[in-house]
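In: Need a 3D model of the sequence below.
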Amino acid sequence: MAKSRLCSIPDCGKPHYGRGLCNKHWQRLRKYGDPHISKTTPGDPEKYLYDVVLSYNGDECLIWPFGRVSTGYGLVRIDGKSALVSRFVCEKICGPAPSITHEAAHSCGKGHLGCATKRHLSWKTPTENKADQLIHGTRARGTKHGNAKLTEAAVETIRSLCGKAKQAEIAQRFGVDQSVISRVQSGKRWAWLG
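Out: I've put the predicted structure just below:
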């Protein structure tokens, strides 16, 4: 008889639900970013923000232990409004954003993991922030991108067929639109592959 999986939290003993956790611990992980947090009292995240995050002077990543957005960035309610922790901290430390398009960028590359360390934050344009993501290896491009329909090998093949086959034929072979083939062959897509 097969042994049923149990929650990986010590002394829990409840049946496995997802990611090695029971339903209760899974919901805590989803809601608070940590399966050990049982309930957040109203005001706890804001208190933590002021008492811990803004007073922390270390260089190690200080991970936000409360709610997060789907991309992993910390979220806090201040004066009845939701705010990204990184943006709020950056504004407190660096002053207001130079423009509405500027983003709070993490020098550590771990914002998506909930880093809230003030020393890691600065204002950057979206282009500068995307360049940092390339350096950190956190930018979803190529096959890492969730919507990718081509592989690096397919792109190389498509480029090698330039002038040897019609784009419509190549598109049919790879199951994409002819415009995708055009952009790949012209270097407008997958340009970083060289």
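In: From here on, just use CA atoms for contacts and neighbour counts.
Out: Will do.
In: Give me the domain ranges for the protein.
Out: Domains of the chain are assigned by automatic domain parsing as 1-38, 44-139, 143-193.
In: Check those domains for me and report the most buried one.
Out: domain 44-139 (a mean of 17; mean count of other Cα atoms under 10 Å).
In: rank the domains of the chain by pLDDT, which is bottom?
Out: Considering the domains of the chain one by one, the lowest average pLDDT is found for domain 1-38, at a mean of 78.
In: starting at the chain centroid, how far to that domain?
Out: A distance of 23 Å separates the C-alpha centroid of domain 1-38 from that of its chain, computed with Cα atoms, centre = their mean, to the nearest Å.
In: How about stretch 45-60?
Out: When distances are taken as Cα atoms, centre = their mean, stretch 45-60 is centred 21 Å away from the chain's centroid.
In: now stretch 55-63
Out: Taking Cα atoms, centre = their mean, one finds the center of stretch 55-63 at 20 Å from the center of the full chain.
In: now do stretch 160-173
Out: In terms of Cα atoms, centre = their mean, the gap separating the centre of stretch 160-173 from the centre of its chain is 35 Å.
In: which residues in the chain form helices?
Out: For the chain, the helices defined by DSSP state H occupy 23-32, 44-48, 85-94, 126-136, 152-160, 167-174, 178-186.
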